[in-house]
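K.L.:
would you be able to build a 3D model of this:
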Amino acid sequence: MIDIQNQPDFRKIPIDKVGIKGLKYPVKVLDKTTGLQSTIAQISMYVDLPHHCKGTHMSRFVEILHLFRTKVSLESITNILEDMKEILGAQSSHIEITFPYFIEKQAPQTGSKGLMDYTCSIMGSSNGSKQTDIVLTITVPITSVCPCSREISEYGAHNQRGEVKVSTRFNKFIWIEDIVEIVETRASCDIFSVLKREDEKFVTEKAYDNPKFVEDIARDVSKVLMEDKNITWFSVSAENFESIHNHSAYAYIEK
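P.N.:
Residues are numbered from 1 along each chain as shown. Here you go, the predicted model:
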């Protein structure tokens, strides 16, 4: 049968990224406690397209992904990127994998168990010299109490849920759980899926005794990352969904 994608194109315009976007696919990711965790990822895969080629072969992206579906790791992502270039005849390749990651947490007083979900993304790219760049991004929900509100109020202080997003490049493997712990221990208080009355009292008072601006949270998380020699680059963004304003408070650090 005729292969239309392999026909020549005469517009002489190369395409930086072409491929599939938003594919939902079951994957297994490394879990520090259980070894592997099954989840559903949303995946995008792209390659470059030279100016003389009419199109790429979209079905081959899914075929490549299917070979590596049993485990998502730094090694498998590197292999996927190289296979994409080889099979599709490209100079560069890119993959974006976003998935919910679940960690079991116990309520601080009663020990009641529940699952917390964290949105994680792995972005990988490879160029013509086979250099692979991988960025891991983890979004962690937190609680913050405003130091200014607590200081000026006769009683109480406004508090809100927020999100801290940490992106890293690194030399060796990093556990998702380790990044989550860094963030949660630098917030006013971490968040739980199950809280009894004793637990609610505990987390409310803990947050009140540990007020932090978004600036404080971003700096405290960044300080830990800066001291980790395994991390070669990072960005930290902290966003509070303000309870007394119709806007968010935001801070960003990149090193």
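K.L.:
and the chain, what are its domain boundaries?
P.N.:
Per the record, the chain has its domains at 1-97, 131-255, by automatic domain parsing.
K.L.:
what number of residues lie near the closest residue to T78 other than its chain neighbours?
P.N.:
Nearest residue to T78, sequence neighbours excluded (CB to CB, 6 or more residues apart in numbering): T132, at 5.0 Å. Where C-beta positions appear, they are placed from N, C-alpha and C, glycine not excepted. Close neighbours of T132, defined as other CB atoms under 10 Å, add up to 15.
K.L.:
just G111 next, same as before
P.N.:
10.
K.L.:
give me the buried positions along the helix or strand hosting T204.
P.N.:
Using DSSP states H and E, T204 sits in helix 197-208. Of all the residues in helix 197-208, those buried under the rule 16 or more other CB atoms under 10 Å are D199, F202, V203, A207.
K.L.:
dump those residues to CSV, plus distance to K32.
P.N.:
Shown next, in CSV, are the buried residues of helix 197-208 (distance: CB to CB, whole Å):
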residue, distance to K32
D199, 24
F202, 25
V203, 24
A207, 26
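K.L.:
for these, which two are the farthest from each other?
P.N.:
Greatest spatial distance among the buried residues of helix 197-208 (CB to CB): D199 and A207, at 12.5 Å.
K.L.:
surely L65 and M58 touch.
P.N.:
No: between L65 and M58 there is no contact, the gap being 11.8 Å when judged by CB atoms under 8 Å.
K.L.:
determine the longest strand present in this protein.
P.N.:
strand 15-31 (DSSP state E).
K.L.:
which residues in the protein form helices?
P.N.:
For the chain, the helices defined by DSSP state H occupy 58-67, 74-88, 147-152, 176-184, 197-208, 214-226.
K.L.:
for these, which one sits closest to S125?
P.N.:
helix 74-88 (7.0 Å).
K.L.:
other SSEs contacting the longest strand of the chain?
P.N.:
If contacts are counted by 3 or more CB pairs under 8 Å, 6 or more residues apart in numbering; DSSP states H and E, strand 15-31 sits against strand 35-49, helix 58-67, strand 93-106.
K.L.:
what's it in contact with?
P.N.:
With CB atoms under 8 Å, 6 or more residues apart in numbering as the test, strand 15-31 has contacts from 36-49, 55-56, 58, 61-62, 65, 69-73, 94, 97, 99, 101, 120, 173, 175-176.
K.L.:
could you give the separation of it from the chain centroid?
P.N.:
14 Å (CA atoms, centre = their mean, to the nearest Å).
K.L.:
equivalent analysis for stretch 30-42, please.
P.N.:
Relative to the chain's own centre, stretch 30-42 is displaced by 14 Å; criterion: CA atoms, centre = their mean.
K.L.:
what's the answer for stretch 49-69, then?
P.N.:
For stretch 49-69, the distance to the chain centre is 25 Å (CA atoms, centre = their mean).
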